[in-house]
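Visitor: Mind looking at a prediction? Sequence and model below.
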Amino acid sequence: MKVNKNILKKFFLLITLFILSSTNQVKVEELDSKIDYKLSEEFVIKENNLIKLGKYQEAILELEKKLVLQPENPVVLTLLGKSYDKLNKKNKSLEYLTKAITVDRNYPKAYNTLALIKGKENKFQETINLLDAAIKLDDNYAEAFSNRGVAKGALNKNIEAINDFTKAIEINPFLSDAYINRGITYELLGNTFSACEDWETAASLGRKEPEKWFKKQCKNSLENKLSKQIKLTETLRKKNVDLINKFSKEKKEDLSTINKQNLFIEKSSNKLLKLEEKLDSLLNSKKEENFSSQENNLKLKESNTSSQNVNNFSKPSNILAEPSNIASNNSNIITDIKSQSQSNKINKIVIFTSFLILFIIIAYLYLRYIRKLKFSQSIQKKRLNLLTSNVDSLNRKLEQITNNKISRK
């Protein structure tokens, strides 16, 4: 029996088209999983508030009006399913929730609401499967983690349940249901210490049931007192470690600043020494110049006196001109002496001012850094001593409590 080639070709074409269409659908679903449903939820914010207030019939009337406008809105369908569930109309609730999932398979709250209904029917595995789907779509869905923890606890998977409650608390630290249910699970495992902690947190968030449990089982228990003492010691130890780290950090920073300042002082002192050397060299050169000028003046005087003596013998008419030459030489000597004394004074003033500036810099650095460092070190030492004394006293109290507990047993 021969097979027609055209039929085979058509068959293979149909198969390839089917594969391509299926891959495209998968890609669309992957993209749709990243849809932001904020606008859809804002569209029904009034109806959601009515459900929170327990006005389910009013919410249904308003939601049905919105459903006429948007018949394939998964948020509207989910809220209708939730409202009918609260009015114990199970069939209607399941109808709307299944429709919400078929219309849009990427809305996580539809799975969570349907999971709660399945949980009431004690179908815990189905509940877990639905919540797994919700968490897969939104891994920051705290309520889904908390509800899955309840379902796992019902199946005696207590450690997995605690992990789910802890994850829910990490995502939303104000989710009181997660604290309550984790506390119950801890109590089932015999860990009343952790249970009391969770119930106390839930009570602080405004829940009344855990407040009653805490007062009844935890308030006056020895374990609770011990836990508080342990918490105090841990916080004090952490503070002590932080202070020691801070102190060592500040010490290193202060040492580095002191080293920098020392380097600066050394550089400035070296500069001053160089300036002093320059001044000394200038003074010595000035002295040499003055000395040479004095020698020249003396030589001129001697030559003038000798010439005067010769002129006295040879030319008596020049006697009247001699006093003027002597006076001019005397005035030159006096000006040289004055200029020398002025330069000496200027040099002394420069040296004095440079030493004064150096002294001011050193005094400022001492007051700014070294004194401040000593003062901060003394304060930190006092704080450390106080903390260590507090920790020692708390440890003694803990030892006394444990000894009393052992003696009672």
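Guide: That came in fine, so what should we check first?

Visitor: where does E47 fall, helix, sheet strand or coil?
Guide: With DSSP: H, G, I helix; E, B strand; the rest coil as the basis, E47 sits in helix.

Visitor: swap that for D139, sorry
Guide: coil.

Visitor: What residues of the helix or strand harbouring S407 count as buried?
Guide: Take DSSP states H and E as the rule and S407 turns out to sit in helix 371-408. For helix 371-408, a neighbour-count test (16 or more other Cβ atoms under 10 Å) marks L373, Q380, L387, V391, L394, L398 as buried. C-beta here means a position set from N, CA and C on the backbone, and glycine is covered the same way.

Visitor: Would you check which pair of the residues you listed lies furthest apart?
Guide: Pairwise distances across these (Cβ to Cβ) peak at 37.1 Å, for the pair L373 and L398.

Visitor: Let me have the buried residues of helix 371-408 in a markdown table, extended by pLDDT and distance to L356.
Guide: What follows is the buried residues of helix 371-408, written out as a markdown table (pLDDT from 0 to 100; distance: Cβ to Cβ, whole Å):
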| residue | pLDDT | distance to L356 |
| --- | --- | --- |
| L373 | 65 | 26 |
| Q380 | 70 | 36 |
| L387 | 73 | 46 |
| V391 | 72 | 52 |
| L394 | 73 | 57 |
| L398 | 73 | 63 |
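
Visitor: Name the member of those with the shortest distance to N404.
Guide: Out of those, the member with the shortest distance to N404 (by Cβ to Cβ) is L398, at 10.8 Å.

Visitor: any idea how far the closest one is from D242?
Guide: According to Cβ to Cβ, to the nearest Å, L398 stands 22 Å off from D242.

Visitor: repeat for K345
Guide: Look at K345 and D242: by Cβ to Cβ, they are 61 Å apart.

Visitor: residues in contact with N158?
Guide: N158 is in contact with K152, T185, L188, L189, counting by Cβ atoms under 8 Å, 6 or more residues apart in numbering.

Visitor: In contact with the third one, which residues are there?
Guide: By Cβ under 8 Å, 6+ apart, the residues touching L188 are G153, N158.

Visitor: by contact count, what packs against the helix holding S407?
Guide: Packing partners of helix 371-408 (3 or more Cβ pairs under 8 Å, 6 or more residues apart in numbering; DSSP states H and E): helix 222-314.

Visitor: what about the helix it packs on, average pLDDT?
Guide: For helix 222-314, the mean pLDDT works out to 71.

Visitor: Quick one: neighbours of L279, just the number.
Guide: L279: 16 surrounding residues under other Cβ atoms under 10 Å.

Visitor: That one against I349, yeah?
Guide: No. Applying Cβ atoms under 8 Å, one finds L279 not in contact with I349, separated by 11.0 Å.

Visitor: hang on, R148 packs against I135?
Guide: Yes. Here R148 reaches I135: they are 7.1 Å apart, a contact under Cβ under 8 Å.

Visitor: Comparing those two, which residue is more hemmed in?
Guide: Higher neighbour count among R148 and I135: R148, with 30 against 20, using other Cβ under 10 Å.

Visitor: Now do whatever helix or strand the more buried one lives in: everything it contacts.
Guide: Taking DSSP H and E as the criterion, R148 maps to helix 142-154. If you take Cβ under 8 Å, 6+ apart as the criterion, helix 142-154 is touched by 108, 111-112, 115-116, 119, 122, 124, 127-128, 131-132, 134-135, 138, 158, 160-165, 167-169, 171-172, 175, 177-178, 181-182, 184-185, 188.

Visitor: can you do 6 Å?
Guide: 112, 119, 124, 127-128, 131, 134-135, 160-161, 164-165, 167-168, 171-172, 175, 177-178, 181, 185 (Cβ atoms under 6 Å, 6 or more residues apart in numbering).

Visitor: Which positions within that helix qualify as buried?
Guide: Under 16+ other Cβ under 10 Å, the buried positions of helix 142-154 are A142, E143, A144, F145, S146, N147, R148, G149, V150, A151, K152, G153.

Visitor: Now render the contacts of N158 as JSON lines, adding secondary structure and distance to L358.
Guide: Output for these, formatted as JSON lines (DSSP: H, G, I helix; E, B strand; the rest coil; distance: Cβ to Cβ, whole Å):
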{"residue": "K152", "secondary structure": "helix", "distance to L358": "78"}
{"residue": "T185", "secondary structure": "helix", "distance to L358": "74"}
{"residue": "L188", "secondary structure": "helix", "distance to L358": "78"}
{"residue": "L189", "secondary structure": "coil", "distance to L358": "74"}
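
Visitor: Just give me the closest of the buried residues of helix 142-154 to S285.
Guide: A142 (88.0 Å).

Visitor: so where's the stretch 101-250 of the chain shaky on pLDDT?
Guide: Residues of the stretch 101-250 of the chain that meet the criterion pLDDT under 70 lie in 219-233.

Visitor: List phi and psi for Y141.
Guide: phi -90, psi 90 (degrees, to the nearest 10).

Visitor: My error: substitute G190 in the last question.
Guide: Dihedral pair for G190: phi 90, psi 10, per degrees, to the nearest 10.
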